[in-house]
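Undergrad: Predicted model follows, preceded by the sequence.
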Amino acid sequence: MNKTTYSRVRETLYEETLDNGLKVYLFPKPGFAQVQAMFTTDYGSVDSHFRLSGEADVTHVPDGIAHFLEHKMFESKDEPVFTQFARYGASMNAFTSFSQTSYHFSATDHIDENMRVLLDFVQDPYFTDENVEKEKGIIEQEIRMGEDNPDVTAYYGLLKAMYQKFPLRIKVIGSVESIRQIDKETLYRCYNTFYHPSNMMLCVAGGFEPEPMMDLIRNNQKAKSFGPVSNILREYPQEPAPVAKRETVIKQSVSQPRCLIGWKDKKTGLTGESLQRQDMLTSVILDALFGQSSPFYHQLIDDELIDQHFSWEYEITPHYGYSLVGGNTKDPKQLEERIQSFVNDIATKGLPEEWFGRCQKKMMGWFMTMFDAPGQVTRYFTAYNLRKANVFNLFDALSELTLEDANARLREHFDSVQCSTFIVLPNR
């Protein structure tokens, strides 16, 4: 077990790759009662075309199957998984995104028992024709509920407007039509491909001793058998630079309009430090422009054009990246025009040094406090690790950013050719 101490944040990381390929990362935090564990597979909704090394043909699976598989992992031939966690006082959940599937628990007691439950249920799939058919009805209801949610509609509508070919334009959950194509055999094919320990990682943070915890994990994994390690070859379509559609307006049963504006990254294919740097740089810019401490945000609030739900987001992986900003508004067209005019003006004049410096320091402060929350440690460490980046390098990445970097990124990223707008109007 390798041990690395990061003196800046007074954290120690223990890591080991087990014989079956599982990568384990432990962050013991003396004095903490809570323990958070996250068991993650490098598998998300965009991974619908794949093959293993040595195979000639590409497997194409229905949209939404990664999320469907996450649901079915909670199926057990014996006692329900949630009942097992409840017995040991743990809060447990899971999520599927475009790029990962994670199962996590939080507990202050019976940590060993909860860890065994986590490892065992994720590594013991139980799919039958009957329980797969039953799940289709449950997920179909979830899909239809999302169709009535204006925030979900706007978010996925904007991604579909931005991307012409890349599967970000497809909802993580899939569609009613696509999930009806899922069967037991296809679920096992995806499980055996993406849930092999060599494609997974376990991150644990909080109040525990590292040696006994690693022994528990080693012994648990030694008692199980897995197939041979094989490289997963994923295939993605080549995404054209321009957006699919510049503006989309729909009507829905909402009390207040929504407006989201997004910019698709030109620079993709980044990993490690270069990805981390672009993530931090773009996030500082977005916070300086649209964060709740920005002058522009307060102008929009004072003009009653937005409310407190107005927000920004930046997402980046080696295969894609995008920014979005927006929320509720009484006048979507005016909000769109104000944002576009503001961005163009700042890109021309340059970001004020005071704005940049304030948001850079704010994010550096966030980094220093992040390690006080085991849940944040597991979340951010996992996300960056999947992108071949180290969360401990964030502080240096942030401190090395310059105003010149920010202005160059502003002009490069906030390009009208890369921009789409999605508006939801009341259906009346």
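TA: Thanks, I have it.
Undergrad: hang on, His371 packs against Val9?
TA: One correction, residue 371 is Phe, not His. Yes. Here Phe371 reaches Val9: they are 5.2 Å apart, a contact under C-beta atoms under 8 Å. In short, each C-beta sits where N, CA and C put it, glycine included.
Undergrad: For those two, indicate the residue with more neighbours.
TA: Phe371 (20 against 17; other C-beta atoms under 10 Å).
Undergrad: and that one, what does it touch?
TA: Each residue near Phe371 by C-beta atoms under 8 Å, 6 or more residues apart in numbering is listed here: Val9, Glu11, Lys29, Val377.
Undergrad: Recalculate using a threshold of 10 Å.
TA: Applying C-beta atoms under 10 Å, 6 or more residues apart in numbering, we find Phe371 in contact with Tyr6, Val9, Arg10, Glu11, Phe27, Lys29, Ala205, Val377, Tyr380, Phe381, Val391, Phe392.
Undergrad: Just the buried subset of these, written out for ChimeraX, thanks.
TA: A single ChimeraX command selects the buried members of the contacts of Phe371 (16 or more other C-beta atoms under 10 Å):
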select :9,11,27,29,205,377,380,381,391,392
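Undergrad: Keep only those of the contacts of Phe371 that are in helices.
TA: Val377, Tyr380, Phe381 (DSSP state H).
Undergrad: circling back: can you list residues touching both of Phe371 and Val9?
TA: Val391, Phe392.
Undergrad: From the centroid of the chain, which residue is nearest?
TA: Ser97 (5.3 Å; C-alpha atoms, centre = their mean).
Undergrad: buried sites along stretch 186-198?
TA: For stretch 186-198, by 16+ other C-beta under 10 Å, it's Thr186, Leu187, Cys190, Tyr191, Thr193, Phe194, Tyr195, His196, Pro197, Ser198.
Undergrad: Stretch 16-34 too?
TA: Buried residues in stretch 16-34, counted by 16+ other C-beta under 10 Å: Leu18, Asn20, Leu22, Lys23, Val24, Tyr25, Leu26, Phe27, Pro28, Lys29, Phe32, Gln34.
Undergrad: Distance of the last one relative to Trp355?
TA: Note on Gln34: its distance to Trp355, by C-beta to C-beta, to the nearest Å, is 36 Å.
Undergrad: which residues does Gln308 contact?
TA: Gln308 makes contacts with Gln292, Tyr297, Ile301, Gly327, Asn328, as judged by C-beta under 10 Å, 6+ apart.
Undergrad: Now, of those, which are buried?
TA: Buried members of the contacts of Gln308, counted by 16+ other C-beta under 10 Å: Tyr297, Gly327, Asn328.
Undergrad: Between the residues you listed, which sits nearest Gly350?
TA: Tyr297 (19.2 Å; C-beta to C-beta).
Undergrad: doesn't Leu410 make contact with Pro352?
TA: No. With contact defined as C-beta atoms under 10 Å, Pro352 and Leu410 do not form a contacting pair (11.7 Å).
Undergrad: intersection of neighbour lists for the two?
TA: By C-beta under 10 Å, 6+ apart, Pro352 and Leu410 have these common neighbours: Ala288, Ile346.
Undergrad: who's more crowded, the two?
TA: Set Pro352 next to Leu410 and count neighbours by other C-beta under 10 Å: Leu410 wins out with 21 against 13.
Undergrad: next one: phi and psi at the residue nearest to Phe290 when sequence neighbours are not counted?
TA: For Phe290, ignoring the flanking residues on the chain, the nearest one in space by C-beta to C-beta, 6 or more residues apart in numbering is Trp312 at 4.5 Å. Backbone torsions for Trp312, taken as degrees, to the nearest 10, come to phi -130, psi 160.
Undergrad: Name the residues linked to Trp312 by a beta bridge.
TA: Val325 (DSSP bridges).
Undergrad: residues contacting it?
TA: Contacts of Trp312 by C-beta under 10 Å, 6+ apart are 261, 282-283, 285-287, 289-291, 294, 297, 323-327.
Undergrad: can you list contacts of the helix or strand hosting Ile301?
TA: Following DSSP states H and E, the helix or strand that holds Ile301 is helix 295-302. For helix 295-302, the external contacting residues (C-beta under 10 Å, 6+ apart) are 287-292, 294, 305-308, 310-312, 327, 329, 334-335, 338-339, 342-343, 346, 352, 355.
Undergrad: Show me which residues of it are buried.
TA: Phe296, Tyr297, Leu300.
Undergrad: Next: stretch 74-83.
TA: Residues Phe74, Glu75, Ser76, Val81 are the ones in stretch 74-83 that count as buried (16+ other C-beta under 10 Å).
Undergrad: The last one is in contact with Tyr103, isn't it?
TA: Yes. Checked against C-beta under 10 Å, the pair Val81 and Tyr103 is within contact range at 9.4 Å.
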